[in-house]
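A.B. asks: next input, structure requested:
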Amino acid sequence: VLRPSVAVVMTDLMRSVMDEAGGTGYGARTRYNFRVAAAGKTGTTNDYRDAWFIGFTPHLVAGVWVGVDDPTHTLARQAGASAALPMWAGFMKDVYTEVKRFRDRRRETFDYPENLVAYHSVCADSHKLATRYCPRQSDEIFLADGIPPINCPLHGVADTPTRRQRRF
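C.D. replies: Take a look at the predicted model:
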């Protein structure tokens, strides 16, 4: 069983799979137009015999596995993002469109208790806590009691990082 704070951080990490352009689940947003708050993880075996995607929203978890049990065949280099994600996205989109109890909850988001986590700006170059001199920054989630005390050493005078408040 995960501590609630760890579950929040893991959910946020898996949200980036869906919401960031480099994420393996990003196609659910761009190609299949699934716009409900979601998080997930793709998977592919080294020999391309199995591919999967498991994703969840604040209300529903679903997984898709695609594979072959004949060791002489593979999925023709199909990964989880190309073999399983399309089925998952189609299913989830249908559920949130057709099933009333889900359709009415499409705009709900993940609820992150503010006392468990904190958002801080991180320098995109050093991956340390950003100062006001860092030209490229992104907000990252940390356990409230586990914020690394190291400021960016690359950009100008050290400064105290600014805590950011985020609402999901």
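A.B. asks: low pLDDT regions in this protein?
C.D. replies: Low-confidence segments of the chain, defined by pLDDT under 70, span residues 74, 156-168.
A.B. asks: show me where it has strands.
C.D. replies: Using DSSP state E, the strands of the chain run over residues 39-44, 50-56, 61-67, 117-123, 137-143, 163-164.
A.B. asks: tilt between the longest helix along the chain and strand 50-56?
C.D. replies: Scanning the chain for the helix with the most residues, using DSSP state H, yields helix 4-19. Per axes from the mean of the first three to the mean of the last three CA atoms, to 10 degrees, the angle that helix 4-19 makes with strand 50-56 is 120 degrees.
A.B. asks: coming back round to it: so for Tyr32, which of the strands of the chain sits nearest?
C.D. replies: Set against Tyr32 and scored by CB to CB, those come closest in strand 50-56, at 11.6 Å. All C-beta spots, glycine's among them, are computed from the backbone N, C-alpha and C.
A.B. asks: and the closest one, how far from the chain's centre?
C.D. replies: Once both centres are worked out by CA atoms, centre = their mean, to the nearest Å, strand 50-56 turns out to sit 13 Å from its chain's centre.
A.B. asks: run through the bridge partners of the closest residue to Ala130 other than its chain neighbours.
C.D. replies: In space, not counting the residues next to it along the chain, Ala130 is nearest to Ser121; the distance is 4.0 Å by CB to CB, 6 or more residues apart in numbering. For Ser121, the beta-bridge partners under DSSP bridges are Asp139.
A.B. asks: hang on, Ser121 packs against Pro135?
C.D. replies: No: Ser121 is not in contact with Pro135 according to CB atoms under 8 Å; the separation is 11.8 Å.
A.B. asks: more neighbours: the two, which one.
C.D. replies: Ranked by neighbour count (other CB atoms under 10 Å), Ser121 and Pro135 place Ser121 first, with 19 against 11.
A.B. asks: that older thread, of all the strands of the chain, which one comes closest to Glu98?
C.D. replies: Taking CB to CB as the criterion, strand 61-67 is the member of those that comes nearest to Glu98, at 14.4 Å.
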